[in-house]
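K.L.:
Sequence plus the predicted model coming up.
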Amino acid sequence: MPRATLKTKSNNGLVALSEAYPDAVFEVLGAWPDGDELRLLVKTDALSVDSLIETVGVISTVTGFEIRHGGSDRVLFEVTTTTPEPHGAMADSGIVPSFPLHLEDGWLVGDLVASQDQLSAFRNELDSAGIEYLITQVSAMPAESPLLTDRQREVVNVALEHGYYDSPRDCTLTMLAEHLEVNKSAVSRVLHRAEGKIINAYGSADDDS
């Protein structure tokens, strides 16, 4: 299946944040649906924590915000926004975005894995929503192994949904095991392996930058 590059201004919250600092570069490391909203994990080395908090606080489409790591050289934060109009269409059509996404001067840029029919349907959704975008066909994509297994992705998504990674934590490991209807040690093993892969991938991305 071919890989294409999408450049868009589809997420109003992230667009507003990026346009407030047009020279800053942000990386969207992942995104998860949360009811009618979208949670995103983002990092930047161009802003201080105070500047980030001040700017995000006045963006109406940002409904949640939390600093995950605030160092002198990098800020890692989670932001919750209203769900962009084409996001549901992307999920329904089976289009898969490849993280991280690059965000600069209001534009989100990233790769998609999609067929020509999927891209055509997605373009129609973007056009009808009045979203600025550019889709460029790049190349056929060789088969690649996903970062997480289906089971690891399922457990991580349930953990996120029930607040296991919130601060303060809204869900214990025991409660998470009950939601998944398995024993606590099994959940712990799956999360440990998934978290190790995510952290290693995050470290590798830093090494390549």
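P.N.:
Thanks, I have it. Numbering: from 1, shown residues only.

K.L.:
buried residues in stretch 47-66?
P.N.:
Buried residues in stretch 47-66, counted by 16 or more other C-beta atoms under 10 Å: 47, 52, 56, 59, 61-63, 65. Yep, even glycine has a C-beta here, placed from its N, CA and C like the rest.

K.L.:
I meant stretch 13-27, not that one.
P.N.:
Neighbour-count burial for stretch 13-27 flags 13-18, 20-21, 24, 26-27 (criterion: 16+ other C-beta under 10 Å).

K.L.:
Give me the distance from it to the chain's centre.
P.N.:
Relative to its chain's centre, stretch 13-27 lies at 15 Å (C-alpha atoms, centre = their mean, to the nearest Å).

K.L.:
got a list of contacts for that stretch?
P.N.:
Stretch 13-27 has contacts (C-beta atoms under 8 Å, 6 or more residues apart in numbering) with 9, 28, 40, 42-47, 51, 55-56, 59, 61-62, 79, 81-82, 100-108, 205.

K.L.:
Quick check on these: which are buried?
P.N.:
By 16+ other C-beta under 10 Å, the contacts of stretch 13-27 give 9, 28, 40, 42-44, 47, 56, 59, 61-62, 79, 81-82, 100-101, 103-104, 106-108 as buried.

K.L.:
Cross those residues against strands and list the overlap.
P.N.:
28, 40, 42-44, 62, 79, 81-82, 100-101, 103-104, 107-108 (DSSP state E).

K.L.:
Is the closest residue to residue 44 other than its chain neighbours in a helix, a strand, or coil?
P.N.:
Take residue 44 and drop its neighbours on the chain: the residue closest to it by C-beta to C-beta, 6 or more residues apart in numbering is residue 26, 4.7 Å away. Secondary structure state of residue 26, per DSSP: H, G, I helix; E, B strand; the rest coil, is strand.

K.L.:
What pLDDT is listed against residue 26?
P.N.:
Looking at residue 26, its pLDDT stands at 94.
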